[in-house]
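Visitor: Next come a sequence and a model predicted from it.
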Amino acid sequence: MTAPHWRLIINGKSAGDDDLREAVHAMRERGLDLDVRVTWEDGDAQRYVAEAIDDGASAIVAAGGDGTLSEVAATLAGRDEPAAALPTLGLVPMGTANDFATAAGLPVEPLPALELIAAQPAHAIDLLRLEANGKLRWAANLASGGFGTQVTVETPEGMKKLLGGLAYVLTGLSRLGRIEPVEARLRGPDFAWRGGFIALGIGNGRQAGGGQALCPDALVDDGLLDVTVIPELEGEVAATLGTVVSEGKVAALDRVATRVRLSWIEIEAAAPLVLNLDGEPVESTRFRIDCVPGRVRMHLPAGCPLRSQPPVAD
């Protein structure tokens with residue numbers, strides 16, 4: 001029987017991780033045909049995915065954070081083949097906050113993460129497809145705007161490396177005195193909203209920015225976007241809510257948030273606004289985001305909170 005053939009694509013920042021190196025060695029000792037590639041610059045992930053497909057890899061594993069996962073997923077999504085004809089997708093969480101992995105209940109250690117991929121059949125999941133400035137982008141987790149996006153964008157890389165997810169909280173606390181609402185219009189099927197928001201989440205996954213649970217009920221396989229809008233507030237309530245957003249306290253957000261589930265949403269603003277798409281800031285005055293159902297197949301835990309349906313074995 002031919003051994004499974006996997007391709008592991010590692011974010012260059014994690015290439016020297018000893019635990020990951022030992023996990024790769026352990027899986028090879030068990031008979032897995034596992035090749036490793038390391039990304040250093042733009043375009044590497046796309047090239048490695050194409051190479052893996054040409055080489056007949058059965059699974060492509062992203063080792064990194066939400067951005068690495070989305071980069072690999074985006075490359076798979078951009079292929080002409082249907083999801084069933086593409087390699088499956090796995091994740092070894094190696095990022096600063098690992099928001100998708102945390103919400104999905106994935107193991108945080110490299111060896112258990114690789115073992116899960118070997119043990120659990122792949123499950124079709126949705127992806128976000130964002131159009132802005134005439135360009136299409138894909139993401140696996142969440143698009144966010146407003147206060148949380150500024151926290152993520154403004155958190156220094158050195159602080160992220162030193163403090164992990166706590167870095168986002170500290171940056172958020174430092175911003176509490178200068179939360180400025182974003183004026184925008186949102187519309188989707190049977191939905192319209194207009195006003196100033198301090199936080200916006202459009203989720204396939206549930207959290208972003210180091211634990212901001214903006215879309216606490218999102219599912220990765222329901223064919224819908226979970227949209228959360230936190231409106232502009234004033235005075236002491238606004239300061240309290242700023243702390244809530246930075247710490248991701250879902251219960252308090254429920255009191256003020258507008259939440260809907262949509263197959264697509266359009267956003268228009270008079271002034272350019274920034275959406276953070278799994279770590280990639282995108283600036284525009286107009287966005288369209290669609291949920292593309294079942295675009296890739298991913299290995300998730302058996303009891304994954306993000307999954308609504310049991311996996312189907314290949």
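Guide: That came in fine, so what should we check first?
Visitor: Which parts of this protein are helices?
Guide: Along the chain, the stretches classed as helices by DSSP state H are 18-29, 44-54, 66-77, 99-104, 110-119, 147-154, 157-163, 166-174, 235-247, 250-254.
Visitor: just the angle between the lengthiest strand in the chain and helix 66-77, please?
Guide: Secondary structure of the chain read by DSSP state E shows that its longest strand is strand 280-299. For strand 280-299 against helix 66-77, the angle by axes from the mean of the first three to the mean of the last three CA atoms, to 10 degrees is 70 degrees.
Visitor: Extract the C-alpha set from strand 280-299 and format it as CSV.
Guide: What follows is strand 280-299, C-alpha atoms only, in CSV (Å, rounded to 0.1, in the frame of the first residue of the first chain):
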residue,chain,number,x,y,z
GLU,A,280,-4.2,41.2,5.5
PRO,A,281,-5.4,44.8,5.7
VAL,A,282,-7.5,45.8,2.7
GLU,A,283,-8.5,49.5,2.2
SER,A,284,-11.3,50.7,0.0
THR,A,285,-14.6,52.5,0.0
ARG,A,286,-16.6,49.6,-1.4
PHE,A,287,-16.4,45.9,-0.6
ARG,A,288,-18.4,42.8,-1.5
ILE,A,289,-18.0,39.7,0.5
ASP,A,290,-19.5,36.3,-0.6
CYS,A,291,-19.7,33.0,1.2
VAL,A,292,-18.5,30.3,-1.2
PRO,A,293,-19.9,27.0,0.1
GLY,A,294,-17.7,23.9,0.4
ARG,A,295,-14.8,25.4,-1.6
VAL,A,296,-12.1,23.3,0.1
ARG,A,297,-11.9,20.1,2.3
MET,A,298,-10.3,20.5,5.7
HIS,A,299,-9.3,18.2,8.5
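Visitor: If we go by neighbour counts, what in that strand is buried?
Guide: 280, 282, 284, 287, 289-292, 294-299 (16 or more other CB atoms under 10 Å). (Each C-beta comes from the backbone N, C-alpha and C, glycine too.)
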